[in-house]
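Engineer: would you be able to build a 3D model of this:
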Amino acid sequence: MTALTTMTPTPHPPRSTKAAHRRHLPARQWPALAAAVLLNLGLNLGLSAAVHAAEPPAINLTGPWTVTDFEGRAALTGAQVVVPKPAQPRVPASRVTATQANGTVGLQFKDSWIAQLRLEDGPPLDLRPYLAEGTLEMDIDVREMADGGLKFKMNCASEHCERKVPWLPEARAVAGKGWRHVALALRCFMREGDDFSRVTVPFTLEGMGTGEVALRQVRIVARGQANAACPDYRTQSVTPIPLQESWAMNWWMPRHEKKLTEIRAHRDAGRDVKLVFIGDSITEGWENAGQAAWQAHFARHNAMALGYGGDRTENVLWRLQNGELDGMTPKVVVLMIGTNNTGDRQEDPRTTAAGIRRLLTEIQTRQPATQVLLLAIYPREQQAGGPLRAINDQVNALIAPMADGRRVHFLNINRHLMQADGSLSADVMPDWLHLSPAGYERVAQAIEPVIEQLLAR
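Structural biologist: Residues are numbered from 1 along each chain as shown. The predicted structure follows:
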């Protein structure tokens with residue numbers, strides 16, 4: 001998988017030998033001069049060796065490549081491979097193909113949830129010497145990306161440690177414009193405490209939606225010059241930004257505008273919105289799988305569900321700062337957010353908690369008379385003890401103390417969603433993340449008494 005190359009320059013003759021030749025030194029001085037020349041040459045060669053020992057060689061990432069779809073994988077051993085479909089595919093329309101020729105590898109994907117070109121079959125790499133000033137570099141030709149998006153990924157040595165850099169707006173901006181050189185600082189893929197001593201997946205190109213891209217000369221350089229930006233993981237959860245995923249680009253902003261229109265319609269009709277739910281796809285689900293429970297328990301309060309599939313804390317923050325709490329004065333806001341911070345980037349629980357704290361501040365600033373019911377992030381993954389559920393549990397432990405009992409109230413209803421052994425039932429969470437109609441009814445019954453108490457304040 002890796003080819004190591006070094007370049008050691010040939011030492012030039014020391015200046016002292018040239019000067020001696022020009023001055024025609026007497027023969028009796030030649031032995032001393034020769035000793036000095038040898039000493040000088042030895043010092044120069046020693047210094048050169050020390051410099052090159054301190055700077056590791058470039059690592060060329062040339063394959064073998066593995067190509068994956070959401071539901072399958074294949075090895076790219078020939079000129080082309082198509083990822084096979086299972087007998088009953090969940091995404092039957094998707095197609096993922098990879099090609100290689102003359103040092104160029106290509107990835108074509110259509111209607112795909114996740115398509116990946118991965119380096120994962122070579123010996124583990126020790127990337128620690130490259131982290132301080134290193135870069136991941138490549139030439140990339142984005143041939144089609146109008147309905148797609150890209151991410152660059154790198155794993156660290158720990159289990160379940162995959163770090164990513166999103167590249168959707170950039171990929172769409174250069175689509176159809178030929179080859180571009182991209183250099184990302186390795187720091188883009190690092191977080192405090194990560195172990196890069198034995199990296200088994202040093203590079204992944206991930207595509208979503210529909211697109212076509214080609215790569216060549218993918219390598220890791222010890223001292224490179226980055227020319228592409230990346231989000232700072234320490235502040236990403238508190239930096240407001242619209243959701244930038246290929247599958248959301250066509251509907252996310254129109255949904256935001258629609259919600260602003262609904263708020264204006266309530267205000268113009270003189271309807272007092274007393275209850276607002278804020279969150280991600282689980283909150284959005286009150287309009288779909290949870291509609292019956294919503295009508296039975298919350299609609300009488302002129303309630304609004306400000307939930308968007310895929311949202312993370314920073315996306316909700318952007319929405320609140322762009323009007324979604326303006327023009328109404330709800331008595332109660334129900335906030336539940338954070339599971340996409342976990343699932344999308346396996347985020348440090350501390351930074352997710354920081355994003356939730358920032359949202360609480362934003363809500364209280366914009367609605368100073370509102371009571372906030374902060375819900376624990378729901379469990380995910382079928383069995384207890386899964387890595388993503390563990391992150392959510394840690395976030396919940398951090399946000400529970402944010403409740404002051406006066407304006408912010410914390411409620412953990414997760415036991416109502418789990419079975420006795422901590423596992424999830426398909427009757428409640430069919431995909432171990434989103435709620436079924438029965439799941440929404442359980443949530444409604446668990447939170448309604450607290451909401452009614454807060455509405456009565």
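Engineer: quick one: Arg350 and Leu398 touch, right?
Structural biologist: Yes - using C-beta atoms under 8 Å as the test, Arg350 is close enough to Leu398 to be in contact (6.7 Å). Just so you know, the C-beta spots here come from the backbone N, C-alpha and C atoms, and that holds for glycine as well.
Engineer: just the helices in the protein please.
Structural biologist: In the chain, the helices defined using DSSP state H lie at 15-23, 30-54, 168-174, 252-268, 281-284, 291-297, 313-321, 339-345, 349-366, 387-399, 437-455.
Engineer: got CSV for those, with mean pLDDT and mean neighbour count too?
Structural biologist: Listed next are the helices of the chain as CSV, based on pLDDT from 0 to 100; neighbours: other C-beta atoms under 10 Å:
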stretch, mean pLDDT, mean neighbour count
helix 15-23, 36, 11
helix 30-54, 46, 12
helix 168-174, 97, 17
helix 252-268, 97, 14
helix 281-284, 98, 22
helix 291-297, 98, 16
helix 313-321, 98, 22
helix 339-345, 95, 22
helix 349-366, 98, 19
helix 387-399, 97, 20
helix 437-455, 98, 17
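Engineer: out of those helices, which is closest to Arg95?
Structural biologist: With C-beta to C-beta as the measure, helix 168-174 is the member of the helices of the chain nearest Arg95 (19.3 Å).
Engineer: so what's the gap between the closest one and the chain middle?
Structural biologist: Its chain's average C-alpha position is 16 Å from that of helix 168-174, according to C-alpha atoms, centre = their mean, to the nearest Å.
Engineer: identify the residues contacting that helix?
Structural biologist: Contacts to helix 168-174, defined as C-beta atoms under 8 Å, 6 or more residues apart in numbering, come from residues 140, 142, 145-146, 148-151, 180, 211, 213, 228, 244-246, 249.
Engineer: put the alpha carbons of that helix into PDB.
Structural biologist: What follows is helix 168-174, C-alpha atoms only, in PDB (Å, rounded to 0.1, in the frame of the first residue of the first chain):
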ATOM      1  CA  LEU A 168     -19.100  19.500  -0.400                       C
ATOM      2  CA  PRO A 169     -19.100  23.300  -1.300                       C
ATOM      3  CA  GLU A 170     -15.500  23.000  -2.500                       C
ATOM      4  CA  ALA A 171     -16.200  19.900  -4.600                       C
ATOM      5  CA  ARG A 172     -19.200  21.600  -6.300                       C
ATOM      6  CA  ALA A 173     -17.200  24.800  -6.900                       C
ATOM      7  CA  VAL A 174     -14.400  22.900  -8.900                       C
END
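Engineer: grab the longest strand from this protein for me.
Structural biologist: Criterion DSSP state E: the longest strand present in the chain is strand 135-155.
Engineer: for that one, packing partners?
Structural biologist: Contact here means 3 or more C-beta pairs under 8 Å, 6 or more residues apart in numbering; DSSP states H and E; on that basis strand 135-155 packs against strand 162-166, helix 168-174, strand 179-185, strand 203-221.
Engineer: if we can go back for a sec, just send the helices of the chain back as TSV, with distance to Val91 too.
Structural biologist: Converted to TSV, the helices of the chain look like this (distance: least, C-beta to C-beta, whole Å):
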stretch	distance to Val91
helix 15-23	69
helix 30-54	49
helix 168-174	20
helix 252-268	21
helix 281-284	18
helix 291-297	25
helix 313-321	24
helix 339-345	18
helix 349-366	29
helix 387-399	21
helix 437-455	24
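Engineer: of those, which is nearest Val428?
Structural biologist: That would be helix 437-455 among the helices of the chain, by C-beta to C-beta, at 4.2 Å.
Engineer: export the closest one to PDB, keeping only CA atoms.
Structural biologist: Extracted C-alpha coordinates of helix 437-455, given in PDB (Å, rounded to 0.1, in the frame of the first residue of the first chain):
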ATOM      1  CA  PRO A 437     -45.600   5.700  15.800                       C
ATOM      2  CA  ALA A 438     -45.600   3.600  18.900                       C
ATOM      3  CA  GLY A 439     -42.300   5.100  19.900                       C
ATOM      4  CA  TYR A 440     -43.700   8.600  19.600                       C
ATOM      5  CA  GLU A 441     -46.700   7.700  21.700                       C
ATOM      6  CA  ARG A 442     -44.300   6.500  24.400                       C
ATOM      7  CA  VAL A 443     -42.400   9.800  24.300                       C
ATOM      8  CA  ALA A 444     -45.600  11.800  24.300                       C
ATOM      9  CA  GLN A 445     -46.900  10.100  27.400                       C
ATOM     10  CA  ALA A 446     -43.600  10.400  29.200                       C
ATOM     11  CA  ILE A 447     -43.000  14.100  28.600                       C
ATOM     12  CA  GLU A 448     -46.600  15.500  28.500                       C
ATOM     13  CA  PRO A 449     -47.000  15.700  32.300                       C
ATOM     14  CA  VAL A 450     -43.800  17.800  32.700                       C
ATOM     15  CA  ILE A 451     -44.800  20.000  29.800                       C
ATOM     16  CA  GLU A 452     -48.200  20.600  31.300                       C
ATOM     17  CA  GLN A 453     -46.600  21.600  34.600                       C
ATOM     18  CA  LEU A 454     -44.200  24.100  32.800                       C
ATOM     19  CA  LEU A 455     -47.100  25.500  30.800                       C
END
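Engineer: can you pull the contacts of Arg95?
Structural biologist: Residues near Arg95 by C-beta under 8 Å, 6+ apart: Val82, Val83, Gln108, Phe109, Lys110, Asp111, Ser112.
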